[in-house]
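Participant: here is my input, please return the structure:
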Amino acid sequence: MNTLLLAVAPILIIIVYIYCKDKYEKEPRGLLLLSFVFGAIVSIVITTVLYIGFDIILPLPDDYSVIQQFVKAFFVVALVEEFSKYVIVRYFAQPKTAFNEPFDGIIYAVMISMGFAATENVFYVLEGGYQVAILRAFTAVPVHATFGILMGYFMGKAKFSNHRIRLNLYGLALAILFHGAYDFFLFIDFIPGIWIGAFVSLIIGIVLSQKAIKKHQNISQFKPEDDLTKTL
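Facilitator: Numbering: from 1, shown residues only. Okay, here's the model as predicted:
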């Protein structure tokens, strides 16, 4: 039970953090919960199906080279996992009437990403124990949150733009880029010290995520006039 709590705790912390950042017009909690559940179940199902398809279409040998690890990181793992989240944001969350400001792209994408991360984390932690739980609490879990924020930033803009398709795909592409970079540096662990690149990509993702959150907070149409004046 303690191991399970360790697996879920960082997920809950990030959810509360992002929920508090939605300062001016909170989303319906039921819809957020449903987004989380869809991320935990539906995105995992989509990911599993796509992985099976990739294993048939693009089988990779056991002795991966750097190029093969690059393909695996960007065009298999990152593409499959981020696409599975993107589909739910695009076809479940984005059309909702409650999705009524750009910041909502961030909060729904993060909720879906945290649902995915929760299921993934539980499996890894139950297999690996406390050490894996602690390590992933500071790496894999927050990195999934940054992917969600970066994707959601553009998908939030897309809802209210004449360039919806382009901006939606920008969000997906950016999440794939950061996810692929993070995984690639971890996959090529046969090169000494290269794993540091994963932490660099995580730090860059966190910095960009903070900027994305502030930008959407500042342009919220629900922002009080006094706060808007201070921003200007």
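Participant: C-alpha only now, for contacts and for neighbours.
Facilitator: OK.
Participant: Glu27 against Ala98, yeah?
Facilitator: Yes: using Cα atoms under 8 Å, Glu27 is in contact with Ala98, at 6.6 Å.
Participant: the helix or strand that contains Ala9 - contacts with which helices or strands?
Facilitator: Assigned by DSSP states H and E, Ala9 belongs to helix 2-21. Identification of packing neighbours for helix 2-21 by 3 or more Cα pairs under 8 Å, 6 or more residues apart in numbering; DSSP states H and E yields helix 103-128, helix 130-137, helix 140-159.
Participant: so what touches that helix?
Facilitator: 26, 107, 110-111, 114, 117-118, 121-122, 125-126, 129-130, 133-134, 137, 141-142, 145, 213, 217 (Cα atoms under 8 Å, 6 or more residues apart in numbering).
Participant: could you pick out the buried ones from these?
Facilitator: Neighbour-count burial (16 or more other Cα atoms under 10 Å) applied to the contacts of helix 2-21 gives 107, 110-111, 114, 117-118, 121-122, 125-126, 129-130, 133, 137, 141-142, 145, 213, 217.
Participant: contacts only, for the most centrally placed residue in the chain.
Facilitator: Against the mean C-alpha coordinate of the chain, by Cα atoms, centre = their mean, the closest residue is Gly148 at 2.8 Å. For Gly148, the contacting residues are 106, 109-110, 112-113, 175, by Cα under 8 Å, 6+ apart.
Participant: mind giving me TSV with the helices and strands packed on helix 2-21 and columns for mean pLDDT and distance to Ala198?
Facilitator: Below are those laid out as TSV (pLDDT from 0 to 100; distance: least, Cα to Cα, whole Å):
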stretch	mean pLDDT	distance to Ala198
helix 103-128	96	17
helix 130-137	92	13
helix 140-159	97	10
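Participant: tabulate the ones you listed (TSV), appending distance to Ile165.
Facilitator: Listed next are these as TSV, based on distance: least, Cα to Cα, whole Å:
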stretch	distance to Ile165
helix 103-128	14
helix 130-137	33
helix 140-159	7
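Participant: gap between stretch 213-224 and the chain center?
Facilitator: For stretch 213-224, the separation from the chain centroid amounts to 21 Å (computed by Cα atoms, centre = their mean, to the nearest Å).
Participant: buried residues in that stretch, which are they?
Facilitator: Neighbour counts over stretch 213-224 (16+ other Cα under 10 Å) mark 213, 216-217, 220 as buried.
Participant: and for stretch 162-180?
Facilitator: Result for stretch 162-180 [16+ other Cα under 10 Å]: buried residues 164, 167-180.
Participant: repeat that for stretch 22-40.
Facilitator: The neighbour-count check on stretch 22-40 (16+ other Cα under 10 Å) flags 22, 27, 31-32, 34-40 as buried.
Participant: one step back: give me the common contacts of Glu27 and Ala98.
Facilitator: Contacts common to Glu27 and Ala98, judged by Cα under 8 Å, 6+ apart, are absent.
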